[in-house]
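1. sequence and predicted structure, then a few things I'm wondering about:
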Amino acid sequence: MSIPQSGGGPIEHYSQLAEYLESGCKPRDAWKIGTEHEKFGYCKDTLKPLPFEGERSILAVLEGLRDGHGWSPVEEAGKLIGLEKDGANVSLEPGGQLELSGAPLDNIHQTCDEVNRHLADVKDISDKIGVGFIGLGAAPIWSHEQMPQMPKGRYRLMTDYMDKVGTMGKSMMYRTCTVQVNLDFASEADMVQKLRVALALQPVATALFANSPFFDGKVNGHKSWRSRIWRDLDPARTGMLPFVFDEGFGFEAWVDYALDVPMYFVYRDGEYIDALGQSFRDFLKGELPALPGETPTLSDWADHLTTAFPEARIKKYMEMRGADGGPWRRLCALPAFWVGLMYDQSSLDAAWDLVKGWDAETREMLRVSASVDGLQAQAGKVRMQELAQEVLGIAEAGLKARGRVGAGGLVPDETHFLDALKESVESGKVPADELLDHYYGDWDGDLSRIYKEYSY
């Protein structure tokens, strides 16, 4: 989840809210790629989640990155809760999940190098202190009571609120991990086309990256339990957003949506002020109960935008949010998937042609079915495995058209980053299927073996 945002000064006119989003528009030659991924840390001897402090802890890993790998500290209330370097951030999710928010980079070769360096650095530190990290969509065994709480004010507020608006909010916060990619748009029209494609095809990403078939120590009946959790978190801030497909959708319509998302907090002087369930519309009028008489800044608006959690969302850029955390190899596959679809106009047009005839019911059916069945999902006449094959073909064509070389010119484009996904489509098996095969096969129901065999 996001760190406090820097958006700007006082909001004096309503129009500034949409202008803030529109200010993210960039010419094609300035488009970047930002990847984010989360992973669970655990003690190798006990297989229990890492506490915040101690010899084997999240704090020890952060300190190791700070002292041994040149990262600068980010603190809250005197505690080390994150790191930054060269445009990238390392931050903590509520249950201690360690997140890399990568720098905006030019191509997938660079972003994959960044991921590889980060995981190698984390492993270097972890091996020395008896700690491991694993990429999964959901914690397979740990209960909610076993999860630590990170010392971040935002998370304390959210935890108290979650049970009031849904049944699975705390499960999302403390026991899930995701991987996502952040991409740019050139104009309002470009944003609209990309966001529609992103929402419609998010179930394909959910299916291809499904990697959470276990929860509370048992098989849960879903290929992506993480995706299932999001469906019962808070309907006011999650979902597939049918209004995005309405005629006339644009930045102003997104503003209206975001203003109707209930607030969590206001960040002031290093502290998170409780504004749970309150209205940003009231804040604009100086009538926010949490700060009576005070009106918001653009930084407050930027913070508020991070508290909407649909399957894809916009800020000054667009976030694709539908994939489970996973193995090392697939952390580079997700940006390849979406860059191939989004950063070549012919591929973006082809993707839109593929989905523009779907109605909201079809999109939602795909979302639900993807979480349950992975590549065996179906919504009406739409079969997920066939759809995924077609979408990967479009993405591959987009990456070829980009022609971004790597390895000093030895690799002609970025298409090889799709190989893991192509293998899944050919076999019909996603990571969750492989885990289940092990569980019912050579693991003989011993779920603890997942840590040794699937950790980074």
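-> In hand now; what should we look at?
2. just for the chain, where's the confidence low?
-> Low-confidence segments of the chain, defined by pLDDT under 70: 1-4, 6-7.
3. in it, which strand has the most residues?
-> When the chain is scanned for its longest strand (criterion: DSSP state E), the result is strand 33-43.
4. helices and strands around that strand, which ones?
-> Of the remaining helices and strands, those touching strand 33-43 by 3 or more Cβ pairs under 8 Å, 6 or more residues apart in numbering; DSSP states H and E are strand 98-101, helix 108-129, strand 131-134, strand 178-183, helix 333-342. To be clear about C-beta, it is placed using only N, CA and C from the backbone, and glycine gets the same treatment.
5. for S448, find the nearest of the ones you listed.
-> Closest to S448 of those is strand 131-134 (Cβ to Cβ; 11.8 Å).
6. name the residues that touch stretch 180-188?
-> 22, 24-28, 30-37, 104, 191, 194, 250-251, 314, 317-321, 323, 334-335, 338-339, 342-343 (Cβ atoms under 8 Å, 6 or more residues apart in numbering).
7. L399 versus the residue nearest to P104 when sequence neighbours are not counted, what's the distance?
-> Spatial nearest neighbour of P104, excluding adjacent residues (Cβ to Cβ, 6 or more residues apart in numbering): K32 at 3.5 Å. As defined by Cβ to Cβ, to the nearest Å, K32 lies at a distance of 16 Å from L399.
8. contacts for stretch 141-161?
-> With Cβ under 8 Å, 6+ apart as the contact definition, stretch 141-161 has outside contacts at 1, 47-52, 58, 76-77, 79, 81, 92-96, 139, 169-171, 173-175, 214, 216-217, 264-265, 271-272, 274, 276-277, 447-448.
9. then stretch 269-285?
-> Outside stretch 269-285, the residues that touch it by Cβ under 8 Å, 6+ apart are 11, 14, 76-77, 153-154, 156-157, 160-161, 164, 258-259, 261-267, 288-291, 294-296, 300-301, 304.
10. gap between the two ends of it?
-> Start-to-end span of stretch 269-285 (Cα to Cα, to the nearest Å) is 22 Å.
11. ok, back up a step: dump the helices and strands packed on strand 33-43 into TSV; add distance to K356 as well.
-> Listed next are the helices and strands packed on strand 33-43 as TSV, based on distance: least, Cβ to Cβ, whole Å:
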stretch	distance to K356
strand 98-101	32
helix 108-129	27
strand 131-134	39
strand 178-183	20
helix 333-342	14
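12. would you mind finding the most buried of these?
-> helix 333-342 (a mean of 28; mean count of other Cβ atoms under 10 Å).
13. after that one comes which helix or strand?
-> helix 345-355 (DSSP states H and E).
14. could you give the angle of that next one to helix 333-342?
-> Angle between the axes of helix 345-355 and helix 333-342 is 90 degrees (criterion: axes from the mean of the first three to the mean of the last three Cα atoms, to 10 degrees).
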